[in-house]
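Enquirer: Need the 3D shape of this:
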Amino acid sequence: MNSSLPATIVCVDCGGECHLLSYEPHDGWRAGDVVAYRCSDCLDRWDLVLADEDLEDRQVSADGST
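Expert: So this is what the prediction gives:
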């Protein structure tokens, strides 16, 4: 399993960039964990509950896209 989460996500409210606030637990991320992101544009905070799909391995290309 890939335990890393995206460092940024797109803000649902304004389309800006949200940055990860949460630190990865010592035993890694698990489904049901709550992670927080903060938008650098509108300053909204997003608390997201991780699902199994969020933690699945992803193929990442050389340019960093999935």
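
Enquirer: Give the residue spans of this structure that score low on pLDDT.
Expert: 1-3, 57-66 (pLDDT under 70).

Enquirer: quick one: the strands in it?
Expert: Ranges of strands in the chain, per DSSP state E, are 8-10, 17-20, 34-39, 45-49.

Enquirer: Quick one, which of those strands gets closest to residue 55.
Expert: strand 34-39 (11.0 Å; Cβ to Cβ). (Glycine included, C-beta is placed from N, CA and C.)

Enquirer: now the angle from the closest one to strand 45-49?
Expert: 150 degrees (axes from the mean of the first three to the mean of the last three Cα atoms, to 10 degrees).

Enquirer: residues near residue 49, how many?
Expert: 10 (other Cβ atoms under 10 Å).

Enquirer: shouldn't it be in contact with residue 29?
Expert: No: look at residue 49 against residue 29 with Cβ atoms under 8 Å: they stay out of range, at 11.3 Å.

Enquirer: quick revisit: I'd like the strands of the chain as CSV, with distance to residue 56 appended.
Expert: Shown next, in CSV, are these (distance: least, Cβ to Cβ, whole Å):
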stretch, distance to residue 56
strand 8-10, 16
strand 17-20, 18
strand 34-39, 16
strand 45-49, 16
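
Enquirer: So the residue nearest to residue 15 when sequence neighbours are not counted versus residue 22, what's the distance?
Expert: Of all residues not flanking residue 15 in the chain, residue 41 sits nearest, at 7.9 Å (Cβ to Cβ, 6 or more residues apart in numbering). Distance of residue 41 to residue 22, computed by Cβ to Cβ, to the nearest Å: 20 Å.
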